[in-house]
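Colleague: prediction below, plus the sequence it came from.
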Amino acid sequence: MQTLSPKLLNWASILDDLTREQAVMTAGLPFIYPHLALMPDAHLGRGATVGSVIPTLHAIIPAAVGVDIGCGMIAVRTQYSLADLPKDRKKLRENIERAVPLSAGHNNRTVQPTAEPRIAELKQLAAKSGFNPAEYVAKWELQLGSLGSGNHFIEVCADEADAVWLFLHSGSRGIGNKIAQHHIGVAQHVSRKNQIHLPHPDLAYLDEGTPQFDRYMAELRWAQHFALLNREEMMDRVIAQFGHWVGGRVQERERINCHHNFTQQETHYGRSVWVSRKGAIQAGPGDPGLIPGSMGTASYVVEGLGNPASLNSSPHGAGREYSRNAARRTFTLDELKKAMRGIEFRVSEAFIDEIPAAYKPIDQVMQDAADLVKVRHKLRQLINVKGN
């Protein structure tokens, strides 16, 4: 850990100048308390740095939560070992691709039976929160149980003891994005109306106690819960496909579901603050967590150490070193295939920007996080599923 400014602590050994400048700018806002914590996977983001933990007094920055509200990871450890698996891994990959809608804009055609109780729960929560999600997305129900694109994925992995894990990464899909974009716009409008000087428009905030703040928090919490249930729904479908593939019923030895784009109220350094983790997981003492590497590299099942300086947080993944456009210009499909050797995946130029070389080395990130989490399991990938 190093101190970059009076209100900025940094755990990233790999940190470019633009990311550093962005984090210093955010940390300089008057309502940051006690300090912003920059995680080992930090990289440039919209408004606020991805891989940052932003505690605020009596205010929320919607862009500091991000547009994929509630994005996170879920993992299930099965009773199966590597030796139990059939050799034809392509069959399972294709079955998962049929069971879970992939890519941005790809939704379920109908509400699946497994999704019905989850949708009922979300409708009840929305009614209690006093808003109608259909005002943002008319058929939002069809998005529950869909993956998305970019760095969202579904994987079958094995740990150091060859135990098989099912692992996936996704968030609140289009409905969460619409909610986030709306409230970022509201915050910017409020700032302009009140003639508030901001170092960047995306750092526009909402003051606690205002109707705009209350509305954002109600819809934010709903979107966070949607994201959690979205991962649960997809995992249940993946488990079903995996069970068909191995010819047996999956016994869940462990299930972990954690956000890494979210806000909640916590107490740190003697004061109640709103903690926005944008690309960071909660890592209080004993908290289970998931830190994925990039496509083709290791991922980690971890346990929080409760480091108070980090505000009980840890990194959420490898963190980009190349933007998506830069990665597409720099790397080739042949290089991606080489990096994915031994892993079953759909070969496509659409995934070049997800090549491991576009990310920080995950082992370096984990080394930087040694005082934030302890590693319980290191996972290696067997099957990878992604949306274009």
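Modeller: Nice, I can see it. Numbers count the residues shown, from 1 in each chain.
Colleague: what about residue 342, distance to residue 332?
Modeller: From residue 342 over to residue 332 the distance is 19 Å, taken as C-beta to C-beta, to the nearest Å. Where you see a C-beta, it was placed from the backbone N, CA and C, and this is true even at glycine.
Colleague: so which of these two has more stuff around it?
Modeller: The neighbour comparison of residue 342 against residue 332 (other C-beta atoms under 10 Å) goes to residue 332, with 12 against 8.
Colleague: excluding chain neighbours, what is closest to that one?
Modeller: residue 352 (7.1 Å; C-beta to C-beta, 6 or more residues apart in numbering).
Colleague: and the one you found, what does it touch?
Modeller: By C-beta atoms under 8 Å, 6 or more residues apart in numbering, the residues touching residue 352 are 327, 328, 331, 332, 333, 336.
Colleague: pLDDT at it, what is it?
Modeller: pLDDT, residue 352: 92.
Colleague: in stretch 153-170, what counts as buried?
Modeller: Neighbour-count burial for stretch 153-170 flags 153-159, 163-170 (criterion: 16 or more other C-beta atoms under 10 Å).
Colleague: got it, and stretch 5-20?
Modeller: Those would be 7, 8, 9, 10, 11, 12, 14, 15, 19, 20, for stretch 5-20 by 16+ other C-beta under 10 Å.
Colleague: ok, now how distant is the fifth one from residue 143?
Modeller: Same thing as residue 11. 34 Å.
Colleague: cool, and the second one?
Modeller: Distance, residue 8 to residue 143, by C-beta to C-beta: 36 Å.
Colleague: just give me the longest strand of this structure.
Modeller: When the chain is scanned for its longest strand (criterion: DSSP state E), the result is strand 373-386.
Colleague: helices or strands next to it in the packing?
Modeller: helix 89-99, strand 153-158, strand 163-170, strand 288-291, strand 299-304 (3 or more C-beta pairs under 8 Å, 6 or more residues apart in numbering; DSSP states H and E).
Colleague: 7 Å instead?
Modeller: Applying 3 or more C-beta pairs under 7 Å, 6 or more residues apart in numbering; DSSP states H and E, we find strand 373-386 packed against helix 89-99, strand 153-158, strand 299-304.
Colleague: returning to what we had before: would the residue nearest to residue 332 count as being in a helix?
Modeller: Yes: the assignment for residue 352 (DSSP: H, G, I helix; E, B strand; the rest coil) places it in a helix.
Colleague: so of the buried residues of stretch 5-20, which ones are in strands?
Modeller: Among those, the ones falling in strands (DSSP E) are 8, 9, 10.
Colleague: any idea what the second one is bridged to?
Modeller: So that's residue 9. Residues found in beta-bridge contact with residue 9 (criterion: DSSP bridges) are residue 3, residue 37.
Colleague: so where do the helices sit in the stretch 1-150 of the chain?
Modeller: Residue ranges of the helices in the stretch 1-150 of the chain, as given by DSSP state H, counting those that start in this stretch, are 17-27, 62-65, 89-99, 116-129.
Colleague: would you turn these into CSV with mean pLDDT and distance to residue 314?
Modeller: As requested, those are exported to CSV (pLDDT from 0 to 100; distance: least, C-beta to C-beta, whole Å):
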stretch, mean pLDDT, distance to residue 314
helix 17-27, 94, 17
helix 62-65, 94, 18
helix 89-99, 96, 28
helix 116-129, 96, 28
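Colleague: so which of the ones you listed comes closest to residue 217?
Modeller: In terms of C-beta to C-beta, the element of these nearest to residue 217 is helix 116-129, at 9.2 Å.
Colleague: picking up where we left off before, which residues sit against the longest strand of the chain?
Modeller: Contacts with strand 373-386, where a contact means C-beta atoms under 7 Å, 6 or more residues apart in numbering, come from 89, 92-93, 96-97, 153-160, 165, 167, 283, 289, 295-296, 298-305, 314, 343-345, 351, 354, 366.
Colleague: how about residue 10, what does it touch?
Modeller: 1, 2, 4, 38.
Colleague: how about it: what's its closest non-neighbour residue?
Modeller: Closest to residue 10 by C-beta to C-beta, 6+ apart is residue 38, at 4.3 Å.
Colleague: convert the C-alpha atoms of stretch 199-208 to CSV, please.
Modeller: What follows is stretch 199-208, C-alpha atoms only, in CSV (Å, rounded to 0.1, in the frame of the first residue of the first chain):
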residue,chain,number,x,y,z
PRO,A,199,-13.8,18.4,-11.7
HIS,A,200,-15.7,16.2,-14.2
PRO,A,201,-19.4,15.9,-15.2
ASP,A,202,-19.5,12.2,-14.3
LEU,A,203,-18.7,13.0,-10.7
ALA,A,204,-22.1,14.6,-10.3
TYR,A,205,-23.7,13.5,-7.0
LEU,A,206,-27.0,13.4,-5.2
ASP,A,207,-27.3,14.7,-1.6
GLU,A,208,-28.7,12.5,1.1
